[in-house]
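Student: Compute the structure for the input listed below.
(one chain, ligands or ions: 2)
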Amino acid sequence: MTSLPDRLQRRIECSGLSLEKIKSKLKKQHIETPSWGYADSGTRFGVFKQAAAAKTLAHKLEDAATVHRYTGIAPSVALHIPWDLVDDWSALRQQAESLGIRIGAINPNVFQDQEYKLGSITNEDAAIRRKAVDHMLECVEIMRQTGSQILSLWFADGTNYPGQGHFRRRKQWMTECLQEVYQAMDSPMRMLLEYKLFEPGFYHTDLADWGMAYVVCGHLGDRAQVLVDLGHHAHAVNIEHIVAFLLSESKLGGFHFNNRKSADDDLTVGSINPYELFLIFNELVDAELDPAVTMDVAFMIDQSHNLKPKVEAMVQSVINCQKAYAKALLVNRNALRNAQAAGDIIGAEVELVKAYEADVEPLLRLVREEMGLEPDPLQAYRQSGYERQKAEERAKIQGGATLG
Ligand code: PSV
Ligand code: MN
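Tutor: Numbering: from 1, shown residues only. Ligands and ions are numbered 1, 2, ... in the order given. Down below sits the predicted model:
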């Protein structure tokens, strides 16, 4: 059995958590991967096809199961409807289970059909609002049949020019539509509401930030919560603060992990700003260790790797989340608290940096070893030949591309 370096052992002692506790938390971590991240995707400038990319839903499940097989902490896959529409949902559920994974969040799509040009649940036309609600109700039924507990909602609704839409009327329609969907959801199903500052509406979006999503959730009920997609904010926004704020209100429902340099880039989580990811996990761990906080957070990746090999990039993404979580578990919370109480700004910051800079690789290797996994999932996957094999099998099959 791998033993941990002295330096890491001392850091673990500083955290106030036992090694067993830390290992058990790491083993229970759960990062959901998105079906759309396995298919060909691109930007508005073009799609560069990959021979090994998933062409069918069966391929997507197979790829998600492969990510889980190597990482051990990605046991579910989110679906986007109708991109992943099938006739027999129970059969799909069984297919997923036979691969060792389950169906996670169901994401209705009310943004692609021509009718949604001027919005879905905020559309002036009641028939189009009806169509959007009916689609979400259909998705609730899919949740029942697949065993999914999460309806994950994002709306492309917004406008491009001043005067194009009436803000308050649109808000009213949105609330009424969501109330109807919420009421159709049986407990313990949860509705997660995702906000986005920009795109495709460039003048305004109807759910532009966490505050708007929070208010609308308040009109629905306790099982409606906010979803934070890391790419959906203005540049200076402090995401970890939003996370802590929502946690304190039991309104943080889930994440869409990714990273960005410019806009909503959907780059690998932790690739551009790993310190920000650590600070987000730091807030999560802090809340997790606080008995006063009730939390049920769905950790999901929302990335479409246009250029990187898809499964490999997903393994890398899951590991980046694992690493950030491990580091956050190593924060000396007593020392941090004392430094905060004493107004010791540098001392407090140093406590965070010490955990962030800790080399958690030996700890993660130990955890993986105990889970019966390869100690280095990325390397093991790269050497497995999966990519080459799937490229041969899938090369001649036609499949659609998602827009990411
Ligand atoms: C929109 O940008 C978004 O983040 C939503 O979560 C969608 O469901 C997803 O991307 C895929 O297009
Ligand atoms: Mn998203």
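Student: would you say residue 253 is within a helix?
Tutor: No: under DSSP: H, G, I helix; E, B strand; the rest coil, residue 253 sits outside any helix and is assigned strand.
Student: near ligand 1 at all, stretch 70-79?
Tutor: No: Stretch 70-79 stays clear of ligand 1 (CB under 6 Å from any ligand atom), getting no nearer than 8.7 Å. To be clear about C-beta, it is placed using only N, CA and C from the backbone, and glycine gets the same treatment.
Student: Ends of that stretch, what's the gap?
Tutor: 21 Å (CA to CA, to the nearest Å).
Student: Now look at it and say if it contacts ligand 2.
Tutor: No: Stretch 70-79 is not in contact with ligand 2 by CB under 5 Å from the ion; minimum separation 9.8 Å.
Student: what's the answer for stretch 27-38, then?
Tutor: No: using CB under 5 Å from the ion, stretch 27-38 stays clear of ligand 2, with a minimum separation of 8.5 Å.
Student: What of stretch 290-306?
Tutor: Yes: judged by CB under 5 Å from the ion, stretch 290-306 comes into contact with ligand 2 through residue 302.
Student: next one: that stretch to chain centre, how far?
Tutor: Taking CA atoms, centre = their mean, to the nearest Å, one finds the center of stretch 290-306 at 6 Å from the center of the full chain.
Student: cool, stretch 139-146 as well?
Tutor: For stretch 139-146 - counting by CA atoms, centre = their mean - the centre lies 20 Å from the chain centre.
Student: Same check on stretch 259-269?
Tutor: 13 Å.
Student: next one: stretch 155-163
Tutor: For stretch 155-163 - counting by CA atoms, centre = their mean - the centre lies 25 Å from the chain centre.
Student: what residues does that stretch touch?
Tutor: Stretch 155-163 has contacts (CB atoms under 8 Å, 6 or more residues apart in numbering) with 110-111, 116, 119-123, 165, 170, 174, 200-207.
Student: Then stretch 213-221?
Tutor: Stretch 213-221 is contacted from outside by 171, 174-175, 178-179, 182, 191, 193-195, 207, 224-227, 246, 249, 251, using CB under 8 Å, 6+ apart.
Student: Next one: the closest residue to residue 398 other than its chain neighbours relative to residue 85, how far apart?
Tutor: Counting by CB to CB, 6 or more residues apart in numbering, the nearest residue to residue 398 once its immediate chain neighbours are dropped is residue 55, at 6.7 Å. Shown here: residue 55 relative to residue 85, a distance of 15 Å by CB to CB, to the nearest Å.
Student: Look at those two and report which has more neighbours.
Tutor: The neighbour comparison of residue 55 against residue 85 (other CB atoms under 10 Å) goes to residue 55, with 22 against 13.
Student: Specify the residue positioned farthest from the middle of the chain.
Tutor: In terms of distance from the mean C-alpha position of the chain, residue 342 ranks first, at 36.4 Å (CA atoms, centre = their mean).
Student: circling back: only the buried members of the contacts of stretch 213-221: can you turn that into a PyMOL selection?
Tutor: In PyMOL, this line selects whichever of these come out buried by 16 or more other CB atoms under 10 Å:
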select buried, resi 171+174+178+179+182+191+193+194+195+207+224+225+226+227+246+251
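Student: before we move on, the earlier item: and the residue farthest from the centre of the chain, what pLDDT?
Tutor: Listed pLDDT for residue 342 reads 98.
Student: Repeat that for residue 404.
Tutor: pLDDT at residue 404 comes out at 52.
Student: that older thread, the residue nearest to residue 398 against residue 399, yeah?
Tutor: Yes: taking CB atoms under 8 Å as the definition, residue 55 is a contact partner of residue 399 at 2.9 Å.
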